[in-house]
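Colleague: Got a sequence here, can you build the structure:
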Amino acid sequence: MGHKSRVLFVCVANSARSQMAEALLRHIAPEQFEAHSAGTRPGQVDPRTLAALEELGISTEGLFSKSLEEVAGEPFDHVITLCDKFALECHALPGAGEYLAWDFEDPAASSRADAYRHTLHEIHERLRMFVLVKSKR
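Modeller: The predicted structure follows:
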């Protein structure tokens with residue numbers, strides 16, 4: 001297969017949505033994509049994020065919050081932002097092939113009882129489409 005596409009998922013805190021996306025992409029298309037995530041102001045991975053992933057049987061191994069600076073020098077084929085307020089700042093990241101802005105509600109700010117599971121499901125659907133489209137090349 002050769003070159004895997006490198007994908008960077010970006011959020012502000014790198015605690016929920018970008019972590020979910022990283023774990024999901026690793027899970028659904030490990031042979032096609034190399035998934036990474038980072039935040040502009042990273043904190044800790046939210047335990048509810050890990051619980052939602054584990055509930056679906058998705059590995060959370062190696063997930064930790066890291067800052068954009070840590071990956072700034074690396075080349076990425078796709079940079080995907082997962083919250084609108086960040087989308088504008090993101091274009092400063094040099095060396096990325098394609099920028100995508102996906103707007104998902106922050107589960108931490110949601111009043112839904114199953115907010116984390118719901119967000120995970122939404123990101124999963126979007127990623128399946130992404131993998132499908134990118135695989136057709």
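
Colleague: so how far is stretch 62-80 off the chain centroid?
Modeller: Distance, stretch centre to chain centre, for stretch 62-80: 10 Å (CA atoms, centre = their mean, to the nearest Å).

Colleague: any low-confidence regions in the protein?
Modeller: Where the chain drops to pLDDT under 70, the residues are 1-2, 84-95, 137.

Colleague: what's the longest helix in it?
Modeller: What stands out as the longest helix in the chain, according to DSSP state H, is helix 115-135.

Colleague: if I look at the closest residue to residue 102 other than its chain neighbours, how far off is residue 49?
Modeller: Distances taken as CB to CB, 6 or more residues apart in numbering put residue 82 closest to residue 102, at 5.5 Å, once the chain neighbours are dropped. All C-beta spots, glycine's among them, are computed from the backbone N, C-alpha and C. According to CB to CB, to the nearest Å, residue 82 and residue 49 sit 12 Å apart.

Colleague: Neighbour count for those two, which is higher?
Modeller: Per other CB atoms under 10 Å, whichever of residue 82 and residue 49 has more neighbours is residue 82, with 27 against 24.
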